[in-house]
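>>> this one's sequence-less:
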């Protein structure tokens, strides 16, 4: 992936060490306490030679940028001030331009039965309020847990006839104002003993209030303005002593808990000295959709969805009680919502014409900006004040985030909201908590932005526990401790799918794919393994822990069984024949207990070899078909052989009490082998079989590699049960993990500090030597893609290039070339394009795919990802019987195109046919995905077809038909009589043939004619 390092300015690339060198440059030249000054040539020469970064031309540009007044000199205070201001301004701009990374949307349980009218936040308590049309008020905690709900009643109207239309918070007086369809506004006190006690009722309004807005002066909290919008009218209540009393209380004795009723007519006549009323009517009979008071302009802004006066601003001149009005030229376009940014002095309007318009309050003739991108009507807009961004939501449930300065859409969210038909939508964004609440009728959806973690990029919210590559969908699958499974595009690093709470609150410890790549096995810390498809549907639940939480470190999916290890000394097995039910219980492992400590890892090699490694460093070789142990491999070279009788004796003693559960050594999120102890220094954390020829293995070469405690990597020969080599891959690193690519050429190891090393083992331990080799293989590269321990490694071939996937506790998932540099972090803002570039290890650079065309002997890293290296046409590769059988069946299914009969399964019928013909079919490697019936066929371009020559049968027919053909004889013409003539069979034959037939019948007895004239044959 190309970087922008070379395009950045020099001051942006300087590190702390470089700044210290520059400071030392000025201080070294100082012989006195006065500041040292340098000219341009002197500064360029000395700074370039001391820093060792950038070019002399770039240092010259830096000098010119600092010396704006062109005085010709530079000192350290001036340079330091420039760098401080420049970098702080750039950091502020980058922070403002940062795009929020949203968590998955969450549907909140609501108490409402009618559409939600308003959502707001209480600054005093940090809680949230939601008000529905049926006057039900929902109270939410600061974590958005529903605390309680209550119905706001009114004495003047029956509850079933009462509708709530709007709500606004009065933070300076700790009250909320609610507008009702009964033409009244009620004020509820938040600090009273009775929760939400109604304190004031303003009744007798001319029309039903539709929208409310409140503003209080931060310098003088007694001054406040409550704006009310109804049918064609906007009214404002201007409070003079809001903290003392909003309205005058009657002098007569009135109970404190009783609401004070205030008539609107009294307010109009000025009966209350503590407030005054401003009224304006400019919309006829159109409903006012939104009203805002602009404190910087001391004006009111309101909009409607019909009529010519869609956007109006009104303000009050001095010493007058009237409002002066100006109309914005919207060309008659209806406006659904508006918002105002006081810092930018910009008005944003949401219109029915799919546009978001930006207006300058002083310019009413046309908008200063038009944000285009929505395809349906925009129903809501709201500014993010701190970041100078704008949120807009359209009718087709698409949320867009705009950068106001550049007027560009920086984020678009679609297809994540509830799919409903016509609905009423309300949008509320709380900037302090970065929470976005969206209502769809009575449904309430929460979108919460992740906390900014500085410059460190993360792919998950919690530590990443496992990563897989799905060659069928060409995607990367990762899991974390928050029980989330995410699918990423390999080509770009974008997130395409995310499944949350797969195991509830339990962490996902490991994953595995089946042979078809269409089923995903996820193991949770709750002791349950679930089988999913990639639409998010769970097909089976495997009770691996037997109804108890356990640590599952590995899931091994085979053809007929699913094996699980990690928390017991015995293997937990599930038979695929038992997968007819949703809940599947484990079966009995015939081999019983053979390990003295918990099994941490396992590896399988066709046809029947299974190897398990335990916490104490012991490895046991099993026959997967019989499920009995064969021998043990120990680091000191000793191995134990046990007969079937011994195994049966151990198995009979393997009771549930024997298979004890070890106390948790770590949190459920991490593999149990990470804990450091005396036993952990010998533990086996990973096992991999090497893909090498049968001749190398029988000659004594290594076919197994293991790793674990003390940073040690060991190579084994399973045929001779011998240890061939061991070396320390990571010094003083504790337990390490590893992986091996499919071709067996590269070994990748990782430690607890986030360091990753790539080793070349293609020629390592190919031939046996005397004793154990302690020499390290060739180290190709060392990476440090993570800042914390690496939890999982995975190699994959994608687009004829070999890649490495690494997951870490630092919540990041990193893609790297193998061997080669790091490509990027999944989920980063800048997307990569790995399909266009290929890393060339010999030249240490990126080359295009076209440059690789014509390679006669491509390296294993350039093999197509969909081609199994075991079935490539390699003369040195020897296939096992089961692999040959798979190829035979696959080729037969491709060529024959039908279903395979029962006789094709391993058995007597297959053995008989196998004994007659021992030919092995090899599939032709093809590029592209191997999905479908005809994926194994070789598809190439058609050859150019030349002009075809007519055969002799057509050009010289007389040579073939002889005397029956005469090219000179004209064809007889069909007459009308001939066409109407009755059909006779004899007319089909030539005359000579008919004569021969007549002569052949002369020797036969002629039939006699009877009395009736009919021929009778005797």
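On my side now, so go ahead. Just so it is clear, the structure is predicted and the values come from calculations on it, not from any experiment.

>>> so where's the stretch 851-1000 of the chain shaky on pLDDT?
851-946, 960-1000 (pLDDT under 70).

>>> how about the strands in the stretch 1-150 of the chain?
106-108, 116-121, 128-132, 136-140, 146-151 (DSSP state E, counting those that start in this stretch).

>>> how close does the most centrally placed residue in the chain sit to residue 829?
Of all residues in the chain, the one closest to the mean position by CA atoms, centre = their mean is residue 495, 2.5 Å from it. Noted for residue 495: a distance of 12 Å to residue 829, by CB to CB, to the nearest Å. Yep, even glycine has a C-beta here, placed from its N, CA and C like the rest.

>>> Check residue 347 too.
30 Å.

>>> do residue 683 as well
39 Å.

>>> what does residue 157 give?
Residue 157 is 53 Å from residue 829, by CB to CB.

>>> Would you mind telling me which of the two has more residues around it?
Counted by other CB atoms under 10 Å, residue 157 and residue 829 do not tie: residue 157 has more neighbours, with 16 against 12.

>>> That one reaches residue 183, doesn't it?
No: counting by CB atoms under 8 Å, residue 183 is not a contact partner of residue 157; they are 9.8 Å apart.

>>> Report the separation between the two terminal residues of stretch 261-281.
Chord length of stretch 261-281, first to last residue, is 25 Å (CA to CA, to the nearest Å).

>>> residue ranges with poor pLDDT in the stretch 201-350 of the chain?
Using pLDDT under 70, the stretch 201-350 of the chain drops low at 250-257, 282-284, 307-308, 318-322.

>>> show me the residues around residue 536 that make contact.
Residue 536 makes contacts with 497, 499, as judged by CB atoms under 8 Å, 6 or more residues apart in numbering.

>>> Next up, identify which helix or strand the residue lying closest to residue 831 once chain neighbours are set aside is on.
Spatially, and ignoring its direct neighbours in sequence, residue 831 is nearest to residue 492 (4.2 Å; CB to CB, 6 or more residues apart in numbering). Following DSSP states H and E, there is no helix or strand that holds residue 492.

>>> secondary structure element for residue 725?
Going by DSSP H and E, residue 725 is in strand 722-728.

>>> Now do the buried residues in that strand.
722-725, 727 (16 or more other CB atoms under 10 Å).

>>> among those residues, which two are most distant?
Across these, no pair lies farther apart than 722 and 727, at 16.4 Å, counting by CB to CB.

>>> And stretch 731-739, what's buried?
Buried residues in stretch 731-739 (16+ other CB under 10 Å): 733-739.

>>> ditto for stretch 553-571
For stretch 553-571, by 16+ other CB under 10 Å, it's 553-557, 561-571.

>>> so which two of these are the farthest from each other?
557 and 569 (21.8 Å).

>>> What is the burial count for residue 62?
24.

>>> Quick check, it in contact with residue 10.
Yes: judged on CB under 8 Å, residue 62 makes contact with residue 10 at a distance of 5.5 Å.

>>> okay, and the common contacts of these two?
Counting by CB under 8 Å, 6+ apart, nothing touches both residue 62 and residue 10.

>>> And the strands in the stretch 251-400 of the chain, which stretches?
Going by DSSP E, counting those that start in this stretch, the stretch 251-400 of the chain shows strands at 260-263, 275-281, 288-294, 299-304, 311-316, 323-327, 335-341, 346-351, 355-359, 369-372, 378-384, 389-394, 399-403.

>>> for those, which one sits closest to residue 485?
strand 399-403 (23.9 Å).

>>> Which strands or helices does the closest one pack on?
Under the contact criterion of 3 or more CB pairs under 8 Å, 6 or more residues apart in numbering; DSSP states H and E, strand 399-403 touches strand 389-394, strand 408-413.

>>> same thing but 10 Å
strand 355-359, strand 369-372, strand 378-384, strand 389-394, strand 408-413 (3 or more CB pairs under 10 Å, 6 or more residues apart in numbering; DSSP states H and E).

>>> would you turn those into JSON lines with mean neighbour count, mean pLDDT and distance to residue 712?
Output for those, formatted as JSON lines (neighbours: other CB atoms under 10 Å; pLDDT from 0 to 100; distance: least, CB to CB, whole Å):
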{"stretch": "strand 355-359", "mean neighbour count": "22", "mean pLDDT": "92", "distance to residue 712": "62"}
{"stretch": "strand 369-372", "mean neighbour count": "15", "mean pLDDT": "92", "distance to residue 712": "60"}
{"stretch": "strand 378-384", "mean neighbour count": "23", "mean pLDDT": "93", "distance to residue 712": "53"}
{"stretch": "strand 389-394", "mean neighbour count": "23", "mean pLDDT": "93", "distance to residue 712": "52"}
{"stretch": "strand 408-413", "mean neighbour count": "14", "mean pLDDT": "87", "distance to residue 712": "47"}
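
>>> okay, those in TSV with distance to residue 542 next?
Converted to TSV, these look like this (distance: least, CB to CB, whole Å):
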stretch	distance to residue 542
strand 355-359	51
strand 369-372	51
strand 378-384	46
strand 389-394	42
strand 408-413	35
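
>>> which stretch among the ones you listed comes nearest residue 150?
It's strand 378-384; of those, that one is closest to residue 150 (CB to CB) at 26.7 Å.

>>> That closest one pairs with which strands?
strand 389-394 (antiparallel) (DSSP bridges).

>>> now the partner strand, how far from the centre of its chain.
Remark: strand 389-394 is offset 23 Å from the chain centroid, using CA atoms, centre = their mean, to the nearest Å.

>>> Renumber starting at 12 from here on
Got it, first residue is 12 now, which makes that one strand 400-405.

>>> Quick check: residue 376 touching residue 342?
No: contact criterion CB atoms under 10 Å: residue 376 and residue 342 do not qualify, at 11.0 Å.

>>> And these two? Which one has more around it.
residue 342 (10 against 7).

>>> burial measure for the residue lying closest to residue 316 once chain neighbours are set aside, as a count.
Spatially, and ignoring its direct neighbours in sequence, residue 316 is nearest to residue 345 (4.0 Å; CB to CB, 6+ apart). Close neighbours of residue 345, defined as other CB under 10 Å, add up to 18.

>>> need the contact list for residue 345.
297, 300, 314-318, 321, 361-364, 388 (CB atoms under 10 Å, 6 or more residues apart in numbering).

>>> Just the buried residues of the residues you listed.
For the contacts of residue 345, buried by 16+ other CB under 10 Å: 297, 300, 314-317, 321, 361-364, 388.

>>> if I read this right, residue 627 contacts residue 609, doesn't it?
Yes: using CB under 10 Å, residue 627 is in contact with residue 609, at 9.0 Å.

>>> what do those two both touch?
What both residue 627 and residue 609 touch, as defined by CB under 10 Å, 6+ apart, is the set residue 694.

>>> returning to what we had before: and residue 726, which of the strands of the stretch 12-161 of the chain is closest to it?
Between these, strand 117-119 lies closest to residue 726; by CB to CB that is 49.6 Å.

>>> related to what we said a few turns ago, between the contacts of residue 345, which sits nearest residue 435?
When those are compared against residue 435 (criterion: CB to CB), the nearest one is residue 300, at 12.2 Å.

>>> any idea how far residue 380 is from that closest one?
21 Å.

>>> Can you name the residues that contact residue 710?
704, 728, 730-731, 777-779.

>>> before we move on, the earlier item: which neighbours do residue 506 and residue 840 share?
residue 112.
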